[in-house]
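K.L.:
generate coordinates for the sequence data below:
(one chain, ligands or ions: 2)
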Amino acid sequence: MPTQMPSQMSSQMTRILFDLDGTLIDSAPDIHAMANTLLAREDKDPISLDEARGFVGNGAKVFVTRMCAARSIKTSEEPRLHKDFLALYETAVELTVPYPGAIEALTALKAAGHRLGVATNKPESPARAVLEHLNMTSFFEVILGGDSCATHKPDPLMLHEGFKRLGDGPALFVGDSEIDAAAAKNANTPFLLYTEGYRKAPAESLGAAAIFSDFATLPEHVTQILESTG
Ligand SMILES: O=C(O)COP(=O)(O)O
Ligand SMILES: [Mg+2]
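P.N.:
Residues are numbered from 1 along each chain as shown. Ligands and ions are numbered 1, 2, ... in the order given. Next up is the predicted model:
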């Protein structure tokens, strides 16, 4: 049998968790459309796609709070609108697409022996629905949503749980936002930042071990981080 190089050996048992919205998939158009369906029912002006993008990241409840604040809807109405938002969420899949090269990168990482999972603040059931719609479910051994654990990102619990379910080996987290960077820091895990998602802060300010804008480069970044962390 040929001798394996150290880098190939170290990549065999790596656990990689991915954020979902703004990282693997551009779901803002669906979330935007869903928000405007709710706002129309309330007789309120629609929000823009940019506003919707800016409200994503801390889960559905915070999205609804931000949407209500932006259109002067009373806070006492938020629980009802949150419920309506969740009722629509599983069917909000038609406008969502994977980012360019994301499928190919997941395919390459899985073929290289990495164990993959999703850790998103989107509730688990719409997260599973959109992954299923995009034929992406089979890449992942674990899919955790914002309501799967007692807390969600930036608390590290979701990452700890996801990594635990992926077994042993080095752990990496790939995400697009400040919240993901904080969760990775809190979980003491190297963070890879995808720059084409919904981040607001400068990319260089988030303490990422790697910053990438093209998924074709992700497998190489993974290899480099594994080599540098031994
Ligand atoms: O639903 C959200 O607010 C964010 O989801 P994400 O954690 O996949 O970016
Ligand atoms: Mg995200």
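K.L.:
tell me the contacts of the residue in the chain that ligand 2 sits nearest to?
P.N.:
Nearest residue of the chain to ligand 2 (Cβ to the ion) works out as Gly22 at 3.7 Å. (C-beta placed from N, C-alpha, C; glycine too.) Gly22 sits next to Ala28, Arg53, Val56, Gly57, Asp176, Ser177, Tyr194, Gly197, Tyr198, Arg199 when contact means Cβ atoms under 8 Å, 6 or more residues apart in numbering.
K.L.:
neighbour count, secondary structure and distance to Val118 added to those, as TSV?
P.N.:
Listed next are these as TSV, based on neighbours: other Cβ atoms under 10 Å; DSSP: H, G, I helix; E, B strand; the rest coil; distance: Cβ to Cβ, whole Å:
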residue	neighbour count	secondary structure	distance to Val118
Ala28	23	helix	17
Arg53	22	helix	20
Val56	24	coil	15
Gly57	26	coil	15
Asp176	25	coil	13
Ser177	26	coil	15
Tyr194	27	strand	14
Gly197	24	coil	14
Tyr198	22	coil	16
Arg199	22	coil	18
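K.L.:
tell me the one among those nearest to Pro100.
P.N.:
The nearest member of those to Pro100, counting by Cβ to Cβ, is Tyr194 at 11.2 Å.
K.L.:
all helices for this protein, in order.
P.N.:
Counting by DSSP state H, the segments of the chain that form helices are 6-11, 28-41, 49-55, 60-70, 78-89, 102-111, 124-133, 157-165, 178-186, 218-228.
K.L.:
most neighbours per residue, which of those?
P.N.:
helix 178-186 (a mean of 22; mean count of other Cβ atoms under 10 Å).
K.L.:
that older thread, ok, now which ones touch the closest residue in space to the residue of the chain closest to ligand 2 that isn't next to it in sequence?
P.N.:
Sequence neighbours aside, Gly197 is the residue nearest to Gly22 in space, at 2.8 Å (criterion: Cβ to Cβ, 6 or more residues apart in numbering). Taking Cβ under 8 Å, 6+ apart, we find Gly197 in contact with Asp19, Asp21, Gly22, Thr23, Asp26, Tyr99, Gly175, Asp176, Ser177.
K.L.:
which one among these gets closest to Ile143?
P.N.:
Asp19 (12.0 Å).
K.L.:
so the closest one sits against Leu172, correct?
P.N.:
No - judged on Cβ atoms under 8 Å, Asp19 makes no contact with Leu172 at a distance of 11.9 Å.
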